[in-house]
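Using only what follows, build the 3D model:
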Amino acid sequence: EINSTSTSTKYTNDEVAYGFIKVANEAMARPIRNLTTMKGYDVTKHSLACFGGAGPQHCCAIAKSLGMKKVYVHRYSGILSAFGLSLADVVVEKQEPFTGEDNTAFERLNKLELQAINELLLQGFIRDNITTIKYLNCRYKGTDTSIMTALDD
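Have a look, this model is predicted:
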């Protein structure tokens, strides 16, 4: 399909696949750059640790894109993501828009909390092991930036 839309350049299957890999590498490098370089940290003085099944396939190109000279590949890097997922807490997130024009905020939060708890109970979790935290995304009227605030009981 790619070659059918281009009249001047014809790409081989390898060139097309490599193009997709370059796009994927940049998509993975961008958040690293956003969390480090754009906040004043010099990533070139750090090592890039890779993980996941395809981590070693991408890490050298990502490190090069970021200007990093060292890559750390753990011998179990292929299973580190799966292992981490097995240790992670199960989270249910419920949200709905609210303008604040009526006084039903707490009633609506309690309803969302019950929905989340019931969803976890249906998955086999015990009620005593379930904790909830309520957050409000607050913003001033007329603005588009919200601030997430934990609501204390």
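
where along this protein do the helices fall?
Per DSSP state H, the chain carries helices over the ranges 2-5, 13-35, 55-66, 77-87, 105-122.

Let's have the ones you listed in a markdown table, adding mean pLDDT.
Shown next, in a markdown table, are the helices of the chain (pLDDT from 0 to 100):
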| stretch | mean pLDDT |
| --- | --- |
| helix 2-5 | 74 |
| helix 13-35 | 92 |
| helix 55-66 | 92 |
| helix 77-87 | 83 |
| helix 105-122 | 94 |
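
just those: most buried one?
Comparing the helices of the chain by mean neighbour count (mean count of other C-beta atoms under 10 Å), helix 55-66 ranks first with a mean of 18. Every C-beta, even on glycine, is put in place using the N, C-alpha and C of the backbone.

tilt between it and helix 13-35?
Angle of helix 55-66 versus helix 13-35, following axes from the mean of the first three to the mean of the last three C-alpha atoms, to 10 degrees, is 60 degrees.

which helices and strands sit right next to helix 55-66?
Counting contacts by 3 or more C-beta pairs under 8 Å, 6 or more residues apart in numbering; DSSP states H and E, helix 55-66 packs against helix 13-35, strand 47-50, strand 70-73, helix 77-87.

can I get those in a markdown table with distance to residue 140?
What follows is the helices and strands packed on helix 55-66, written out as a markdown table (distance: least, C-beta to C-beta, whole Å):
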| stretch | distance to residue 140 |
| --- | --- |
| helix 13-35 | 26 |
| strand 47-50 | 40 |
| strand 70-73 | 44 |
| helix 77-87 | 38 |
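
out of the ones you listed, which comes closest to residue 123?
helix 77-87 (15.4 Å; C-beta to C-beta).

which other residues reach the closest one?
The contact list for helix 77-87 (C-beta atoms under 8 Å, 6 or more residues apart in numbering) reads 50-53, 55-56, 74, 76.

As CSV, those residues with distance to residue 137 would be great.
Formatted as CSV, the contacts of helix 77-87 follow (distance: C-beta to C-beta, whole Å):
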residue, distance to residue 137
50, 34
51, 31
52, 31
53, 35
55, 33
56, 38
74, 37
76, 38
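
Give me the buried entries from these.
The neighbour count (16 or more other C-beta atoms under 10 Å) marks 50-52, 55 as buried among the contacts of helix 77-87.

Centre-most residue in this structure?
Centroid-nearest residue in the chain, with C-alpha atoms, centre = their mean: residue 31, separated by 9.3 Å.
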